[in-house]
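predicted coordinates and the sequence they were generated for:
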Amino acid sequence: MTKHGDEHEAPGEEAPRDTTDDLEAGSIRALIRKSSRMEHEAPDLVAGFQRKLRKRSGGKFYADGWSTSKEPPIMTYLITSLLMLAMVFAAYAVLRPLAGESITVPMTPAPVRVLPPQRP
């Protein structure tokens, strides 16, 4: 089998070109050029969705301002983490005195009665 470009031809002649390949390549190049000119940042759809949902639900969803704000609520995170840390220390302070020395447990098994006692 010979490929399209491998055929023997006269030195001055060019192989006939397929115009459909040229059209496809041209359209692909045009799409690539168009996409490279497009803005690289995607539009923010979340804020619009949250606003619309808050309006339609009557403030039931996303009514608080901090969940929809652009900046993270650093003070809320800080206060929450400090409260959690205080709870961990309180649990440690309460449970630490309960941890005492271990006691020895006898490891001998108790006798087992397999047959019920006989009545005289």
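Alright, I've got the coordinates. Numbering: from 1, shown residues only.

look up how far residue 92 lies from residue 85.
Residue 85 sits 11 Å away from residue 92, going by Cβ to Cβ, to the nearest Å. All C-beta atoms are positioned from the backbone trio N, CA, C, and that covers glycine.

what's the answer for residue 82, then?
Going from residue 82 to residue 92 by Cβ to Cβ gives 16 Å.

okay, and the residue most central in space within the chain sits in which element?
Centroid check for the chain by Cα atoms, centre = their mean gives residue 46 as the closest residue, at 16.4 Å. Under DSSP states H and E, the secondary-structure element containing residue 46 is helix 45-56.

just the C-alphas of that helix, formatted as PDB.
The C-alpha trace of helix 45-56 is given here as PDB (Å, rounded to 0.1, in the frame of the first residue of the first chain):
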ATOM      1  CA  LEU A  45     -22.100  32.200  38.100                       C
ATOM      2  CA  VAL A  46     -22.300  31.300  41.800                       C
ATOM      3  CA  ALA A  47     -23.000  34.800  43.000                       C
ATOM      4  CA  GLY A  48     -25.900  35.300  40.600                       C
ATOM      5  CA  PHE A  49     -27.400  31.900  41.500                       C
ATOM      6  CA  GLN A  50     -27.200  32.600  45.200                       C
ATOM      7  CA  ARG A  51     -28.800  36.000  44.700                       C
ATOM      8  CA  LYS A  52     -31.600  34.600  42.600                       C
ATOM      9  CA  LEU A  53     -32.200  31.700  45.000                       C
ATOM     10  CA  ARG A  54     -32.300  34.100  48.000                       C
ATOM     11  CA  LYS A  55     -34.800  36.300  46.300                       C
ATOM     12  CA  ARG A  56     -37.100  33.400  45.200                       C
END
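
centre of the chain versus that helix, how much separation?
Counting by Cα atoms, centre = their mean, to the nearest Å, helix 45-56 is centred 22 Å from the centre of its parent chain.
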